[in-house]
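Asks: below are the sequence and a predicted model for it; my questions follow.
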Amino acid sequence: MSGYDAIIIGAGHNGLVAACYLAKAGHNVLVVERYHTVGGAAITEEIYPGFRVSAASYSMSLMRPEIIEELQLPRYGFEVYPKQPSYFMPFPDGAHLFLYAGDRARSKAAIAHFSQHDADNYDAWEDFWDRCCDVIEPTLLQPPISLAELAARFDAAGYADDFRRLMLLSTTDLLNEFFESEYVKAAMAPQSLISTMAGPGTPGSPFVYLVHAIGRAIQGRRGIWGYVKGGMGTVTRTLAAAARDLGVDIRTESPVAEVLVQGGVAAGVMLENGETVRARVVLSNADPKRTFLTLTPASALPAEFRQRIAKNFRIGGTVFKLNLALAELPRYTAAPPDVAPEICSRATVDIAPSLAYLERAWNDFKAGQPSREPFIEIFSQSPTDPSMAPAGKHVLSCFCQYFPYEVAGRSWDDGLREEIADRILAKLAEYAPNIQGAVIARQMLSPVDLERRFALTGGNIFHGEMTPDQSFNLRPLAGWADYRTPVPGLYLCGSGAFPGGGVTGIPGHNAAQAVIADLKRS
């Protein structure tokens, strides 16, 4: 078959966003997907009869409102709503902290129970992130600027010290500049560490916090996180519906074996079944290592480029995802007696009681071992979306760190997967003793399973580390950050390109703009 202007490898959200924009520009587009349905890591699936979970990605904030509006996703059923309270952290001594996104006064009152100094400083903390977002947000829907230009923009705005804090400090150092209470520091730290090979003491980790603070998908307000009605599969289901209405062909169960390169130029793909499909350009929604080391013929790439991707681009996984079908919600012993379990479970719940706890978990990972006391981030959509579970029952998602892809002396297939799930549940039971008896079924996704199931090399949900050294004009590599690659006609449109991971749609949007410009010139 021939006649396509563009073939996109992978029907994850970025691939579908790219397909929509290319089709809107009048191009004939084919999306080929290895799995039996669209979605990639943004997928809703049933783990037990009647119990539906967002299997991998699990929460919404970062999808650009411009993309949502331009592709008319609400018309296809895209609906988001905020979590409120936004955050609940229980502590081992029975203390607790609630935070409320968009309601500083209420959050400050809760913080004041630990430290009046920290409550007074909470405005300065939030204002710091607002200033950083004000500088960076205008750069997102365009090819990446250099770190030097970014620093100049901070300097021109009078925020040079903020650039230092954001890019050069560790999370621990940054928190020490604002807060005195170890409880408050613990509550603020986790968003700097999500799916990152770093501990709170690692320089550059505050940048990961900013990645999670810059979204506006919920009510158009920055930094508010929530849920997509029906789970994260709604994101990609609605994108696919929009794409099909624009004339995009989508073929599932069509894994790609190789990018066709003829005369040094990408000319289509060969599927694993031997079928050849030709096009003027190819966009890969796969991560950089999979794109350049597996799908692209080695002879088509400069040896030095391949070596840099293989050796220098960091893409290790840290995440174990545990999805649960529950007979009842966790009952946290630290929760106030007059607060129903549904209220706590509407929020993000973090088991990360101190910076020292997080650093110890990271130290286990550095030694090649699963964390003995893991960081656990808990989401439960069923209290606010009854479509996710049978009446009176619930689903719960545990996003857990730190767990190496390669475990010293063990394999994830020798029973380790089940041992770690037991370890996570045992830790959670220290805070909510009823959880062990509430489990009806569980879905266990180790880093190896995330790779096998979602084609995430190393189990890395961001398609590569998102610390400053792999951001902006350095993602995936210096000299190749504008979505183009050393193979003319081959583009990178996934999270391995700027600005990186999370369900943003930005790499797909920006890559499509580069392709549209190139096709127009040619």
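Replies: Yes, it's here.
Asks: contacts and neighbour counts: CA atoms only from here.
Replies: Noted.
Asks: doesn't Phe313 make contact with Gly464?
Replies: Yes. Taking Cα atoms under 8 Å as the definition, Gly464 is a contact partner of Phe313 at 7.2 Å.
Asks: those two - which one has more neighbours?
Replies: The neighbour count for Gly464 versus Phe313, taken as other Cα atoms under 10 Å, is higher for Gly464 (30 against 20).
Asks: which pLDDT does the model give that one?
Replies: In this model, Gly464 is scored at 97, pLDDT.
Asks: and if you look at Val269?
Replies: On the pLDDT scale, Val269 is placed at 98.
Asks: can you pull the contacts of it?
Replies: Ile7, Val256, Ala257, Glu258, Val259, Leu260, Thr276, Val277, Arg278, Val282 (Cα atoms under 8 Å, 6 or more residues apart in numbering).
Asks: show me which of those residues is closest to Ile516.
Replies: Nearest to Ile516 among these: Val282, at 12.3 Å, using Cα to Cα.
Asks: what's the host helix or strand of that closest one in contact with?
Replies: Following DSSP states H and E, the helix or strand that holds Val282 is strand 276-284. Applying Cα under 8 Å, 6+ apart, the external contacts of strand 276-284 come out as 1-10, 15, 259, 266-271, 291, 489-494, 515.
Asks: direction included, what does it pair up with?
Replies: Partners of strand 276-284 in the sheet, by DSSP bridges, are strand 4-9 (parallel), strand 265-271 (antiparallel), strand 490-492 (parallel).
Asks: got a list of contacts for the helix or strand following it?
Replies: Remark: after strand 276-284, the chain's next helix or strand is helix 288-290, criterion DSSP H and E. Outside helix 288-290, the residues that touch it by Cα under 8 Å, 6+ apart are Ile309, Ala310, Thr457, His463, Pro476, Leu492, Gly496.
Asks: same thing with stretch 430-441?
Replies: Under Cα under 8 Å, 6+ apart, the answer for stretch 430-441 is 47-48, 90-92, 324-334, 425-426, 428-429.
Asks: hang on, the earlier thing: for ChimeraX, what selects the buried ones among the contacts of helix 288-290?
Replies: Burial among the contacts of helix 288-290 is assessed by 16 or more other Cα atoms under 10 Å; the matching ChimeraX selection reads:
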select :309,310,457,463,476,492,496
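Asks: closest to Pro200 out of the contacts of helix 288-290?
Replies: Minimum distance to Pro200 across these is 21.4 Å, recorded for His463 (Cα to Cα).
Asks: contact partners for that closest one?
Replies: Here His463 is in contact with Ala286, Asp287, Pro288, Ile315, Leu456, Thr457, Gly494, Ser495, Gly496, Gly500, Gly501 (Cα under 8 Å, 6+ apart).
Asks: so which of those sit within helices?
Replies: Among the contacts of His463, the members falling in helices are Pro288 (criterion: DSSP state H).
Asks: check the contacts of His463 and tell me the two furthest apart.
Replies: Checking the contacts of His463 with Cα to Cα, the most distant pair is Thr457 and Gly500, at 14.7 Å.
Asks: so how many other residues sit close to Thr172?
Replies: Thr172: 21 neighbours (other Cα under 10 Å).
Asks: same check on the one 10 residues further on?
Replies: Glu182 has 16 neighbouring residues, counting by other Cα under 10 Å.
Asks: do the same with the one 10 residues further on
Replies: Using other Cα under 10 Å, Ser192 is surrounded by 24 other residues.
Asks: pretty sure it contacts Pro203?
Replies: No. Counting by Cα under 8 Å, Ser192 does not reach Pro203; the two are 10.8 Å apart.
Asks: between the two, which contacts overlap?
Replies: Thr171.
Asks: so how far is Gln369 from Met167?
Replies: Met167 sits 28 Å away from Gln369, taking Cα to Cα, to the nearest Å as the criterion.
Asks: swap in Gly437?
Replies: As judged by Cα to Cα, Gly437 and Gln369 stand 28 Å apart.
Asks: higher neighbour count, these two?
Replies: Gln369 (20 against 11).
Asks: neighbours of the closest residue to the more buried one other than its chain neighbours, just the number please.
Replies: Leaving aside its chain neighbours, Gln369 sits nearest to Val407 (5.6 Å; criterion: Cα to Cα, 6 or more residues apart in numbering). Val407: 15 surrounding residues under other Cα under 10 Å.
Asks: surely Val407 and Gly368 touch.
Replies: Yes. Val407 is within contact range of Gly368, at 5.4 Å (criterion: Cα under 8 Å).
Asks: can you give me the pLDDT of Met1?
Replies: 41.
Asks: and the longest helix for the chain?
Replies: Max-length helix for the chain by DSSP H is helix 116-136.
Asks: for it, give the mean pLDDT please.
Replies: The average pLDDT within helix 116-136 is 97.
Asks: about what we covered before: dump the strands paired with strand 276-284 to TSV, plus distance to Ala352.
Replies: What follows is the strands paired with strand 276-284, written out as TSV (distance: least, Cα to Cα, whole Å):
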stretch	distance to Ala352
strand 4-9	38
strand 265-271	45
strand 490-492	35
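Asks: quick one, which of those strands is packed in tightest?
Replies: strand 490-492 (a mean of 28; mean count of other Cα atoms under 10 Å).
Asks: what's in contact with the helix or strand just after that strand?
Replies: Downstream of strand 490-492, the first helix or strand assigned by DSSP H and E is helix 506-521. Residues from elsewhere that reach helix 506-521 (Cα under 8 Å, 6+ apart): 13-19, 21-22, 25, 63-64, 67, 140-143, 281, 482-484, 491-495, 497-500.
Asks: so which pair among the contacts of helix 288-290 is furthest apart in space?
Replies: Maximum distance among the contacts of helix 288-290 (Cα to Cα): 16.2 Å, for Ala310 and Leu492.
Asks: where in the stretch 51-200 of the chain is pLDDT low?
Replies: Counting by pLDDT under 70, the stretch 51-200 of the chain shows no low-confidence range.
Asks: can you give me the helices in it?
Replies: Secondary structure of the stretch 51-200 of the chain by DSSP state H, counting those that start in this stretch: the helices cover 65-70, 104-112, 116-136, 147-156, 160-168, 171-178, 182-188.
Asks: tell me which of those sits nearest to Thr196.
Replies: Smallest distance to Thr196 across the helices of the stretch 51-200 of the chain (Cα to Cα): 12.5 Å, for helix 171-178.
Asks: what about stretch 434-448, average pLDDT?
Replies: 98.
Asks: now the terminal residues of that stretch, how far apart.
Replies: 30 Å.
Asks: start the count at 20, not 1, going forward
Replies: Got it, first residue is 20 now, which makes that one stretch 453-467.
Asks: would you mind listing the buried residues in stretch 360-371?
Replies: Pro360, Glu361, Cys363, Ser364, Arg365, Ala366, Thr367, Val368, Asp369, Ile370, Ala371.
Asks: what residue spans form the domains of this structure?
Replies: Per the record, the chain has its domains at 23-60+80-99+248-332+481-540, 118-243, by automatic domain parsing.
Asks: surely Gly58 and Leu258 touch.
Replies: No. Gly58 is not in contact with Leu258 according to Cα under 8 Å; the separation is 9.3 Å.
Asks: more crowded one of the two?
Replies: With neighbours defined as other Cα under 10 Å, Gly58 and Leu258 compare such that Leu258 has more, 30 against 26.
Asks: wait, what's in contact with Leu290?
Replies: Ser273, Pro274, Val275, Ala276, Glu277, Val296.
Asks: of these, closest to Ala131?
Replies: Pro274 (54.4 Å).
Asks: how about the residue nearest to the closest one when sequence neighbours are not counted, secondary structure?
Replies: Once flanking residues are discounted, Pro274 sits nearest to Arg53: 3.9 Å by Cα to Cα, 6+ apart. Assigned by DSSP: H, G, I helix; E, B strand; the rest coil, the conformation of Arg53 is coil.
Asks: Arg53 and Gly477, how far apart?
Replies: Distance of Arg53 to Gly477, computed by Cα to Cα: 18 Å.
Asks: got it, and Pro466?
Replies: Counting by Cα to Cα, the gap from Pro466 to Gly477 is 6 Å.
Asks: now swap in Pro402 and tell me
Replies: Plainly put, Pro402 is 33 Å away from Gly477 if you go by Cα to Cα.
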